[in-house]
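Colleague: what would the 3D arrangement of this be:
(chains A and B, ligands or ions: 2)
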Amino acid sequence: MAGKVPTTGHITLQGISKSYDGLEVLRNLNLEVNQGEFVTFIGPSGSGKSTIFNILSGLEPASEGSVQVEGFGLERVFAYMPQRDALLPWRKILDNVILGQELQGVSKKKARAEALGQLAFFGLEGFEKNYPFELSGGMRQRAALLRTVLTHRPVLLLDEPFGALDAITRGQLQVWLGEVRKRLNRTILFITHDVEEALLLSDRVYVLSPRPAQIVLELPVALDRTGPGEIVTSPRFVELKARLLAALKSEGA
Amino acid sequence: MARSLRVARQLLPPGILVAVFLAFWQLYVSLSGIRQTILPGPWRVVEALVNFWDVISDNLVNTLVEATFGFAIALVIGFAFAVLLDYSPVMRRAVYPILVASQTVPMVAIAPLLIIWFGYDIIPKIIVVWLVCFFPIVVAGVDGFASTDTETTRLFRSLQANQWQIFWKLRLPSALPFIFSGIRIAITYAIGGAVLGEYVGAEKGLGIFIQRSKNSFRNDLIFAAVFVTAVASIALFLLVTIVQHQVMPWYYRQQAGRKRLKK
Ligand SMILES: Nc1ncnc2c1ncn2[C@@H]1O[C@H](COP(=O)(O)OP(=O)(O)OP(=O)(O)O)[C@@H](O)[C@H]1O
Ligand SMILES: [Mg+2]
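Modeller: Ligands and ions are numbered 1, 2, ... in the order given. Predicted coordinates:
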């Protein structure tokens, strides 16, 4: 699967600002994301995190500044997964997850065949003929993620994918997303409210201020996730967590 | 087994209610000594229905044809209108109030004019049916399209879906439950509309049959015709429901799931 997806180079956001009729949401954001990196945005509610994704995915124009992706035009680079699963209630799971391919004119038959091969890994095997409302919240999020992955776009934009889930399901999906990531080898941009989630998953975290959002802290994580023992109690994790919380607090979040 | 049980649970309550009502009606007619030419008892109505079945069924066919044509035209034009109003906010602002206002015009005032303009044949009846069915379909369509989830629309746009794809794969399926509600309302109006159109002036049809029965003081035949009208409306309603089950299986599975949760 990874073979079919083109790899992007570096992503650069240069001086991005955004206002909605007078409401300043983003102020002069400069940031970079490397090929294959997992970068998380964390910040208070309403700070403008989703707005960043909207600009990247072309849903909203930036008021100022530019987005550059090395070696690419901006179309068909970003695969956006909305905050809610946005699965179509009238489609069975199999036909939901092929939406991206279908809209690009790939035959349903071909898209379905590929999707079937991925169902097991996404824990959806046996549910391809079910409607979304027949699935648990965690399964729906996995289906939405599979739909995002099957767009074959090199950069995934995941907007609080686990925000609405209970703590246990959320923990399971966090571990699972780590696995997905290893297997996919794509660049992932991630939004969350949850400091621990950010540290568990990311290579790097950007902390945003309340509106208008600016970067308060850029934190390389570099945790050893392969080692034995609970990562969340390791001294390094605790230290990073304290720094993230301090950065969030300093901005009155 | 489970299926027939469910059907029984659906039919039993209204069945019992109707039976009780008929019993009281018959009892009243028998005990009060009211003349059956004024208020015929249900038994008398059944007799009339059986004796005049040839005439009534002949007229019924006529009414059904008018209702079906009028409804079909209302569906096609109403749907086209809903799409148009959905895509053009200016049109929506311009047309919607007129549409609502048009509903306050009583059909009994329009129907005779239609006869003057178009004659006694089938055309004015089809127009009456079209007029009564049009409004619920347009309103349901417009509301249905507007109910499309904005977040899902954004997802489609982020996937570079074109307008055509957004309509067929997103807005139309989102609107379907609304559209079917509109259709079910419209179809129940359709027969009534046709009967009204015929009542004002026609050569054939249940409407003119009712009028002639009235003129010859055959109230039992009026009741028989009304009964047939009601049964025909219910049958059309059920037909629409069956079609809806075929078109939107997900909707009923979801509804069934919700009901189970409530218990
Ligand atoms: N289309 C829009 N028009 C006007 N204002 C908007 C629009 N989209 C977002 N906003 C405003 O921009 C601000 C930032 O919104 P955004 O959705 O990016 O926040 P967020 O950080 O994702 O919040 P949350 O964590 O609650 O999802 C909010 O105040 C919101 O009201
Ligand atoms: Mg958001």
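Colleague: in contact with B:I242, which residues?
Modeller: When contacts are counted by C-beta atoms under 8 Å, 6 or more residues apart in numbering or on different chains, B:I242 is found next to no other residue. The way it works is simple: take the backbone N, C-alpha and C, and place the C-beta from them, glycine included.
Colleague: what about it, helix or strand, and which?
Modeller: Using DSSP states H and E, B:I242 sits within helix B:219-247.
Colleague: excluding chain neighbours, what is closest to B:V129?
Modeller: For B:V129, the nearest residue in space outside its immediate sequence neighbours is B:G70; the separation is 2.4 Å by C-beta to C-beta, 6 or more residues apart in numbering or on different chains.
Colleague: look at that neighbour and give its secondary structure.
Modeller: When classified by DSSP: H, G, I helix; E, B strand; the rest coil, B:G70 comes out as helix.
Colleague: so it sits right up against B:I137, yeah?
Modeller: No - taking C-beta atoms under 8 Å as the definition, B:G70 is not a contact partner of B:I137, at 11.7 Å.
Colleague: neighbour count for these two, which is higher?
Modeller: When B:G70 and B:I137 are compared on other C-beta atoms under 10 Å in any protein chain shown, the one with more neighbours turns out to be B:G70, at 28 against 25.
Colleague: quick check: the more buried one vs B:A109, distance?
Modeller: Noted for B:G70: a distance of 18 Å to B:A109, by C-beta to C-beta, to the nearest Å.
Colleague: cool, and A:R243?
Modeller: 78 Å.
Colleague: A:L29: what's it in contact with?
Modeller: A:L29 sits next to A:13, A:15-17, A:52, A:65, A:213-215 when contact means C-beta under 8 Å, 6+ apart.
Colleague: drop anything exposed from those.
Modeller: A:13, A:16-17, A:52, A:65, A:213-215 (16 or more other C-beta atoms under 10 Å in any protein chain shown).
Colleague: ok, of those residues, which one's closest to A:W90?
Modeller: Within the buried ones among the contacts of A:L29, distances to A:W90 taken as C-beta to C-beta reach their minimum at A:I52, with 31.2 Å.
Colleague: which element, helix or strand, includes that closest one?
Modeller: Assessed by DSSP H and E, A:I52 sits inside helix A:49-56.
Colleague: quick check, that helix touching ligand 1?
Modeller: Yes - residues of helix A:49-56 are located near ligand 1 by C-beta under 6 Å from any ligand atom, namely A:49-51.
Colleague: reformat the residues you listed as CSV; add pLDDT, distance to chain B and neighbour count.
Modeller: Shown next, in CSV, are the residues of helix A:49-56 next to ligand 1 (pLDDT from 0 to 100; distance: C-beta to the nearest C-beta, whole Å; neighbours: other C-beta atoms under 10 Å in any protein chain shown):
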residue, pLDDT, distance to chain B, neighbour count
A:K49, 92, 15, 26
A:S50, 92, 10, 21
A:T51, 93, 12, 21
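Colleague: domain ranges for chain B?
Modeller: Residue ranges of the domains in chain B are recorded as B:1-34, B:40-262, according to automatic domain parsing.
Colleague: quick one, phi/psi of B:V105?
Modeller: The phi and psi values for B:V105, taken as degrees, to the nearest 10, are phi -80, psi 120.
Colleague: give me the number of residues near it?
Modeller: B:V105 is flanked by 10 other residues according to other C-beta under 10 Å.
Colleague: ok, now the one 3 residues further on?
Modeller: Other residues lying near B:V108 total 10 when counted by other C-beta under 10 Å.
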